[in-house]
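Peer 1: need a structure here:
(2 chains)
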Amino acid sequence: MTKEVIHTSILPHVTRRQALERMGSGFGMVALASLLGDHRVQAFTDTSVPGQLGPKATHFPAKAKHVIFLFLNGGMSQVDTFDPKPMLDKYHGHPMPGENLKTSNQTGSLMRSPFSFKRCGQSGIEVSDIFPHVGESIDDICVIRSVYTDLPAHEPSLMLMNCGHIQLGRPSMGSWVTYGLGSENQNLPGFVVLCPGTPIVGPPLWNSAFLPGIYQGTHISNAEKEPEKLVKYIRNKRLSLSQQRKQVALLAKLGRLQMEQQHDRDPQLEASIQSMEVAYHMQTEVPEVFDIGKEDDSTRARYGNGDFGRACLMALRLVERGVRVVQIYSGNVQPWDNHEDIMVHQKLAREADQPVASLLRDLKARGLLGETLVICGTEFGRTPVVQATLGSRVANGRDHNPYGFSIWLAGGGIKGGMTYGSTDDFGFKAVENPVHIHDVHATILHLLGLNHEKLTYRYSGRDFRLTDVSGSVIKQVIA
Amino acid sequence: MLTLFIFLAALLSSLSSAKLALGLDHAAQGEFFETRIRPVLSEKCLSCHTDLKSGGLRADSREGLLEGGLSGPAIIPGNAEDSLLIRTVSHTHERLRMPLGQPKLKDQEVADLKAWVKMGAPWPARARDLGRLPGVTSKGRPFAITPEHRQFWSFRPCQKPPIPKVSRKDWTKSSIDNFILARLETSGLKPVRPAGKRVLIRRAYFDLLGLPPKPEEIEAFLEDESSNAFSKVIDKLLASSHYGERWGRFWLDVARYGEDDPASISPSQELSYQNAWRYRDWTITAFNEDMPYDLFVKAQIAGDLLGGKNDGQNKEQFVAGTGFLGLGPWYYVGDPPQVRADERNDRIDVVTRGFLGLTLACARCHDHKYEPLSMRDYYALAGVFASSQYREYPLRPVVAADFESHKKKTKDLEVAIKRLTDTQTNQLSEILAWHTSRYLMAAWNLINGSSTSSELARAQSLDQQTLEKWARYLTDPVEKDYPFLKPWKDLLAHGGTLDQVKKVADDFQTTVLSLLAERRQLDEENKILAAQKTPKQDLREKIPLPNGIVAFEERSPTVSRPPGRAMEIGRFNLWRDLFTEGDLVDSTKRTDGVLVYRTAEILLSLDGGRSEERLDRFLGEEFRSHLNSMRAELAALKQSMPSYIQGIAESPKARNLRVHLRGNPDNLGEEVPRRFIAVLSQGEPVPFTTGSGRLELAEMIAHHPLTARVIVNRVWQYHFGSGIVRTASNFGTLGDHPSHPELLEHLTSRFIESGYSLKRLHREIMLSATYQLSSDYSEENYAKDSDNRLLWRANRRRLDVEALRDSLLYVSGNLDMTVGGPSAELTDDFKRRTVYGKVSRFRLNSLLALFDFPNPSLTSEQRNVTNVPTQRLFFLNSDLVWHQAGFLAERLGAGSDVGNEAKIRKAYRLLFGREATEAEVRLGIEFLRDEHSESGENRADVDVELISDITQTHIQRQAARISAWQQYAQVLLSSNDFLFVK
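Peer 2: The predicted structure is shown next:
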C-alpha cells in the first residue's frame, strides 16, 4: 500500500484547503455562485465550499463515490461475450427470420459465435470463454443485456454514451459527475481519461463543453510507460524543486503585491496564484500516482504489461487517492470494430479480461469496491448476422448494432450476480426491459447520489442536463 | 426506508406535471394535449392504429378512441383506471400490452395519458385528424409564424433610437457614452476614472494586434500631448497588416476553421486539407482591407457565384471565401444518408449561428421547442446545401480541365504503384514461407549463441533481417493464442538434439504452408461468394470530397449472402502473426508479420521510412527500376500539382429535400422548397429559383438587420470581454437579452450606414470614454453590479492562447512577423504567429487545447477562460517558456555588468509596459541575489550559446548570473501582469 503524499502550504494566511477551493476558472466565483444560486441546484449552495473542485453535497445519500468507466471502444459484440444465443448455432447460415433491421453496411445471414459460453459463479450466469477471469467475478457483476442506442454510427453513439447527446457540444458524463460532486484530491484532476492514443471523436468525449473548464477530463495517453512522461510539462529538466519553490514564492508575492497596490479583488488573479501552487505540488504527486512500479510484483503481474492492464492498475491508484472519475478506453481509434473478423474479439478480450477481473478483486480487497462503481460499456453492439461488405477478406465479422447490446456494472451499490433485460432469440434487438443510454446515465448518477433531473446547468438560456429530457433510474439493478 | 422515500419522490415528481394539467384552463389543456399527448399517440400508436385499424381501433381522433375496437372503447373520459388505453399502456391489462413489441412507455408518458383521460380527454378542434394536416411536422403540431414572432427585438427592422440625455455631459466622448452613462446614472453607479495612457495603449495593442506595444511606442504615445493622440494610435494599428491576423483569427473561431476532418479514415497526413490556409489568409486579408461585412458574408456563402463572368480576377477574390463551407467537416466513412445529413447539419449550424445568431440546427429532428424555427426552415436550408458540393478551384493561370487531369494522373499512378507492390509483398511472403524450416534451424543456432545473425545468414544464404525477425518471434515471451509453437518452446526450455530441432522445424513449415494453401482457397471462395449477388456496377451518383475521395448520397444496394468461411481460430492467429500487416500508426500494438515486407510508400509517409524493412531490396533489377521510375514520376506530379482553393460549387442538379422525421434520414416527410427562414422573411418565404439558391440565401442573410446586429455585438464582445448580448451566437428568445438594447440598435444602424465597415466600428468603440475606462475596483459599484454588466469599469482579460504564445516570442525578440502562407505544426521551432499554426480537428495541438482553444469542429461564440493547474505547469516546465526566458534574459543584458536594478526596470518596461515599483524591484534583487549565490552548488543548465564574449575564468560566475536571470525572467513571463490585460 502506498501512502498519501501530504504537502504543507507556504501561504500562512490561507489554509491549503481554502486556497484550493478558491482556485477555479475565469468564470469567476461570483458568476459561478450566481449560476449555482439557481434553486434547481440548491444543494450545492448549501455546502460551505465556495470553490469548484472541492467535495460537494449530494442530492441524497450516495452508494458510490467514484466511477471507473471501462470503455471497449469500437463496439463489443454481445452475442460473443455476455449474451449467449443458442438459436444462432441452430440457424447459422440462414437468413434472419422476422423483422429485417436496418444496418449501416450490407449484412448477410445469421452467424454463430465462434466462442463457447460457460456458466460462472454461484449465479450461473453464462459468460463467453474469451472472458474467463471476468466470468469468475460474475457474482459481483450485473449484466444489462437490453441496452439500445439511437444510431448505428460510431461518432454519434460514442457521443451519446459519453455525453448523453448524439451531437457535439455537450459535457461528458465525467464532467457532469465532477461538476456535481467535486473531487476529493485537489492535487490531481478530478476526472482522468486513460487511452493509449485517442479514440475516434477524441476530446469531445471527455470535454466539459459549457461547464467550467476545470471539470474537463484530463486525457493521458498511457501507451507511454514512463510515469513522468504521461503528463505534459510535469517535470522540470533543469531546475530543482527548491529553485522552483523560490520562483513560485516570488510569483505569489508579486501577484499579491499587484493586487494590494491596485486594491483589486478580481478572483481571476487569486485563482491564478493558487493554481500555480497546485501545479507545483502536482509535479511530485502526479508521477507518483501513475507509477505502477510502486505496486508489488505479484499485483503488477496480475495486470500484465499491456496498455489496458496498466491503465486498470492506474485507475485503482487514482481512485485510492480520491479521483472522482477514471475512464479507460480499450485502445487507439476503435479496436473492437471487427467488421471483418469477429475472432479479433478474442485477442482484445485477452488484453482486458484478467486486468478487469484483477481490478474488481483489488478494489474489493482494498475496501473500495463498495464505493466504486465500475462500468464496462461500449458504444453499441454488433449484429448477429454476418457483415457482407464487398471485398472483405474474411467475411467473418459483424456490423454495428444499435438495437440491443450488453454492458455490465459492478460495485458502487450494484446488485451482483444478476442479468437485467434481454434481447430477442438472436440477440439483435432488446425486447425485455429495454434500457436506453439515458436510463444508464440516470442510474449512474443515482448511485452517486445525484438526481439526473436536478443536476442541471443553465447555458444559453436553457437548463441542460446529462439525460437531456428523458431517462429513468433502473431500480432493479440497485442492491 | 430511504429507497422508499426516493421512489416516492420520483413518483411524485413524475406525476406533478400531470397533476398540474388537471386544473388547467381550456388553452392550457390544448397546450397539454399538443405537447404531451399528441406526440405520444402519433409516435407510439399510429403506426398500427390508423388506416390499418389493428384490432379495429383508430387512435387518430377522439371519436376513434371512443368508438374503440374489438376489445371495446379505448377511453372512458374521466375514468382513467378503467380505460382500456391506460390499462394496456400501463401493462395492467391481463392480455394486451401496448405498444405491441415495443418498449413500455415512459412512466411520465403513462401518467400524462392518465391525466388526459381523467380531464375528459379534451381534443383541440383545430387539428382533428392527426398527421394529415398540411404543414404538420413530426409532432403533428401545425407550425405557424405570427406577426408577433417577427416583431421580436432581434428580428425586426433596425431603427435608430434617440440619443439619451445624461447629466455628466463632460464625461462623454461619443454617443456610445450617452447610452452607457444613462444606464449607469439611472442605476446609481459612477464610472471609475479613465485608464492611464500606459494601460490604454497596451489595451489597444492587444485588442487590435494581439501583441504588446514596444517601449518606444509607449514613449511616443506618452509624449504626444495632442488631443487626437489615441486616435492616431488606433489608425496606425488598424492600418497594420497584423490587425487582420488578430481579427481574422476571431472570425476563424466562428467559422470553426480546421485543416482536416474530426474523424479521418486514418490518422496519416494524407487526409488533411492541404490548402485550407488559403481561406485563412483570405479572411486575414478581408479584415486588413476592411472588406464590407455584407460582402464578406456573401463571399463565404456564395463566393463562387459572385463577380462578373469575365471578371476573372474578381471572381478568384471571392471564391476563396467559400472555404467557409468547403472546409467544414466531411465524413469519409459511415452510413451515407446519415453522414451527408450530418455534413449539412454542420453547414446549417455554422451559417445560422455564425451569421444570424440563430440555433436552427436544433430544428433538425423537431420544430424548435423554443424559437419560431420549424423543421421546414431547416430542410429548406438543407436543400440548398444538398444542391451544393465540394469543389477544388485551381489558382490561375491553371485551367480547371488541366487541373482535373493532373489529379487523375496522380491518383492512377498511386493505384498502379500500390497494385505492383502489394503483389510483390504477397509473393515475397510466400517465397519466404517455403524456407521456414531453414530459417528455424538457423534461428536455433542464433538463439543458442553459436554464431551471429550476419554470419549465419551469409553461411546459409538466408536473409539476415528475416532471420532476426524469426528469432524475435520465436523467443517472444508472450504466450501465443495457438498451439503450433509449443514443441518449439519446449525445445527452447529443455533443449534438444539437432535432429529433434529439425523435426520440429519441418513440422512447423508444413503447418505454415498448409495455412497459406488454406488461406488462398478461402479467399477464392469468399471472393466468388461476394461476387455472386453483388451488382457489377455502382450506379449511385458520385459526390466529390477532399483528398480525391468519392462519396455517395445513398447506401449501396443490399445483398443477402451467407457468412464467408473462416479459418479455425488458432490457425487464423498464426496466419495473422506471420502474414498480416501490423498496426501502422501504433507499432507498439502489433508489428508487421514475420514474413511481411511492406512498400516504401506507406512507411515513408509515417516514419520517414526504415529502409532495411522495405520491400525494395528483394526486388529484381527490372522491377526496381520500373518502380523507381514510377515513384519519380509520382513525385514530379505531386511537385507540380497546381495550388488550389478548397471551396464549394453548385451540384449538377438542384433538388429539394424532404423533412427527415425525428431527424432520421430514412423516415421522410413532406418535401420542402429551398427558401429562406420564415420568421426572417416578410410574409411567406418565396422559394429560391436560381440553382441551389445559395446566392439568394447569401443576399438575404447579408442584408438582414439581424446579421448586422450579430457582428456588431461580436466586435463589442472582443473589445470588452463580453457582448451587449452575452450569447453572441444566440439572438433568439433563449439567448441573452441585450444589456443596452438601444446602444446595439444605434451601433447597428451606424454600421449599416457606414457601408458595413468594421474598421469604422472599431474606431467608434475605441474612441468612447467607456472603452477608455480603467479597470479600477469600486466597492459601491461592485455591490450593485458585480458582473460589470453596465460597464462601470473595464474588464480585465486573460490573454488567449494566440496572444499568449505570440507575446512570449515577441518580448524575447523571436517572433517572425511574416504575414500569410501555408500552415505548419506549432512546434517550439515554429517562430511565426500562432494563427499560422496548423489547426487539426482530428488531433488538436496540445498547447492550443491546454489554453482553451475552441473545438474546431463547431462554431464558437466565445473562448472559455480557464485557469487550471495544468496550464501553470506549462509556465513552470515547458521548454518554450524556459527558452524564451533565456532569450529574454539575454535581451535584458543578463550577462553584462550593469546593475540588476536597471535591468529589472528595463524588464518591466519591456514586458508590462510600465515602470516597476520599488517593492517589485526589491523582490527582484533579492531573488537574483539568493539564486545567484545558490547557483554555485545547485546550478541549472545554461544555454551555452547565450554566453558570449567572456573569459574562461569568469565563466562560472557569469553562468550563475545568467541562470538566475533566466529563472527570474521565467517568473515574469508567468506572472499575472503578463497574462492579463487591464
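Peer 1: alpha carbons only for contacts and neighbour counts from here, please
Peer 2: Will do.
Peer 1: How many neighbouring residues does the closest residue to B:Tyr482 other than its chain neighbours have?
Peer 2: The shortest distance from B:Tyr482 to any non-neighbouring residue, by C-alpha to C-alpha, 6 or more residues apart in numbering or on different chains, is to B:Gly570 (4.5 Å). For B:Gly570, the count of nearby residues is 15 (other C-alpha atoms under 10 Å in any protein chain shown).
Peer 1: What helices and strands are in contact with the host helix or strand of B:Gly570?
Peer 2: Element membership for B:Gly570 (DSSP states H and E) is helix B:569-579. With contacts taken as 3 or more C-alpha pairs under 8 Å, 6 or more residues apart in numbering or on different chains; DSSP states H and E, helix B:569-579 sits against helix B:498-532.
Peer 1: can you pull out the strands in chain B?
Peer 2: Secondary structure of chain B (DSSP state E): strands at B:388-394, B:542-544, B:550-552, B:644-650, B:657-660, B:668-672, B:797-798, B:980-981.
Peer 1: just to revisit the earlier point, next, the buried residues of the helix holding B:Gly570.
Peer 2: Buried positions in helix B:569-579, judged by neighbour count with 16 or more other C-alpha atoms under 10 Å in any protein chain shown: B:569, B:571-575, B:577-579.
Peer 1: min pLDDT across those, which one?
Peer 2: Looking at the buried residues of helix B:569-579 by pLDDT, the weakest one is B:Ile569, with 78.
Peer 1: What residues does the nearest residue to that one once chain neighbours are set aside make contact with?
Peer 2: The spatially closest residue to B:Ile569, leaving aside those adjacent along the chain, is A:Met343, at 6.7 Å (C-alpha to C-alpha, 6+ apart). By C-alpha atoms under 8 Å, 6 or more residues apart in numbering or on different chains, the contact list for A:Met343 reads A:114, A:396-397, B:569.
Peer 1: hmm, which of these are the buried ones?
Peer 2: Among the contacts of A:Met343, the ones that count as buried by 16+ other C-alpha under 10 Å are A:396-397, B:569.
Peer 1: quick check, nearest of the residues you listed to B:Gln862?
Peer 2: Nearest to B:Gln862 among the buried ones among the contacts of A:Met343, counting by C-alpha to C-alpha, is A:Gly397 at 44.7 Å.
Peer 1: Spell out which residues of the stretch 1-150 of chain B are next to chain A.
Peer 2: Residues of the stretch 1-150 of chain B that fall close to chain A, judged by C-alpha under 8 Å from any C-alpha of the partner chain: B:101-104.
Peer 1: The residue of the stretch 101-250 of chain B found nearest chain A and B:Ala59: what is the separation?
Peer 2: As assessed by C-alpha to the nearest C-alpha, chain A sits closest to B:Pro103 within the stretch 101-250 of chain B, at 6.1 Å. B:Pro103 sits 19 Å away from B:Ala59, going by C-alpha to C-alpha, to the nearest Å.
Peer 1: out of the two, which sits in the busier spot?
Peer 2: For B:Pro103 versus B:Ala59, neighbours defined as other C-alpha under 10 Å are more numerous around B:Ala59 (28 against 16).
Peer 1: hmm, which helix or strand of chain B has the shakiest average pLDDT?
Peer 2: Between all helices and strands in chain B, the lowest mean by mean pLDDT, DSSP states H and E belongs to helix B:2-22, at a mean of 39.
Peer 1: so how many other residues sit close to the closest residue to B:Trp171 other than its chain neighbours?
Peer 2: Of all residues not flanking B:Trp171 in the chain, B:Ala769 sits nearest, at 7.1 Å (C-alpha to C-alpha, 6+ apart). Look at B:Ala769: counted by other C-alpha under 10 Å, it has 22 neighbours.
Peer 1: what's the answer for A:Thr383, then?
Peer 2: Using other C-alpha under 10 Å as the criterion, A:Thr383 is surrounded by 30 other residues.
Peer 1: so how far is chain B from it?
Peer 2: 12 Å (C-alpha to the nearest C-alpha, to the nearest Å).
Peer 1: now do A:Leu348
Peer 2: According to C-alpha to the nearest C-alpha, A:Leu348 and chain B sit 11 Å apart.
Peer 1: Thought A:Trp336 was touching that residue, still the case?
Peer 2: Yes - the criterion here is C-alpha atoms under 8 Å, and A:Leu348 meets it with A:Trp336 at 7.3 Å.
Peer 1: Who has more neighbours out of those two?
Peer 2: Of the pair A:Leu348 and A:Trp336, A:Trp336 is the one with more neighbours under other C-alpha under 10 Å, namely 23 against 19.
Peer 1: how many neighbours does B:Gly496 have?
Peer 2: When counting by other C-alpha under 10 Å, one arrives at 12 neighbours for B:Gly496.
Peer 1: Of all residues in the stretch 301-450 of chain B, which one is closest to chain A?
Peer 2: Counting by C-alpha to the nearest C-alpha, the stretch 301-450 of chain B gets nearest to chain A through B:Asp335 (5.3 Å).
Peer 1: Tell me how many other residues crowd A:Ser109.
Peer 2: Look at A:Ser109: counted by other C-alpha under 10 Å, it has 22 neighbours.
Peer 1: element containing it?
Peer 2: Going by DSSP H and E, A:Ser109 is in strand A:107-110.
Peer 1: Which other helices and strands does that strand contact?
Peer 2: Strand A:107-110 is packed against strand A:381-387, with contacts defined by 3+ C-alpha pairs under 8 Å, 6+ apart.
Peer 1: Quick check: buried residues in stretch B:895-909?
Peer 2: For stretch B:895-909, burial by neighbour count (16+ other C-alpha under 10 Å) applies to B:895, B:900, B:903-909.
Peer 1: Helices - which of the residues you listed land there?
Peer 2: Among the buried residues of stretch B:895-909, DSSP state H puts B:900, B:903-909 in helices.
Peer 1: And for residue 407, nearest residue in space, chain neighbours not counted?
Peer 2: Assuming you mean chain A. Nearest non-adjacent residue to A:Ile407, counting by C-alpha to C-alpha, 6+ apart: A:Gly377, 4.8 Å away.
Peer 1: nope, chain B
Peer 2: In this structure, B:Lys407 finds its nearest non-sequential neighbour in B:Met641, 7.6 Å apart by C-alpha to C-alpha, 6+ apart.
Peer 1: what sits against the closest residue to B:Tyr644 other than its chain neighbours?
Peer 2: Leaving aside its sequence neighbours, B:Tyr644 sits nearest to B:Pro394 (C-alpha to C-alpha, 6+ apart; 4.0 Å). B:Pro394 sits next to B:400, B:403, B:642-645 when contact means C-alpha under 8 Å, 6+ apart.
Peer 1: near chain B, which residues of the stretch 101-250 of chain A?
Peer 2: A:104-111, A:153, A:168-169, A:200-202, A:204, A:212-214, A:233-240, A:243-244, A:246-248, A:250.
Peer 1: Give me the buried entries from the residues you listed.
Peer 2: Using 16+ other C-alpha under 10 Å as the burial test, those include A:104-111, A:153, A:168-169, A:200-202, A:204, A:212-214, A:233-236, A:239, A:243-244, A:246-248, A:250 as buried.
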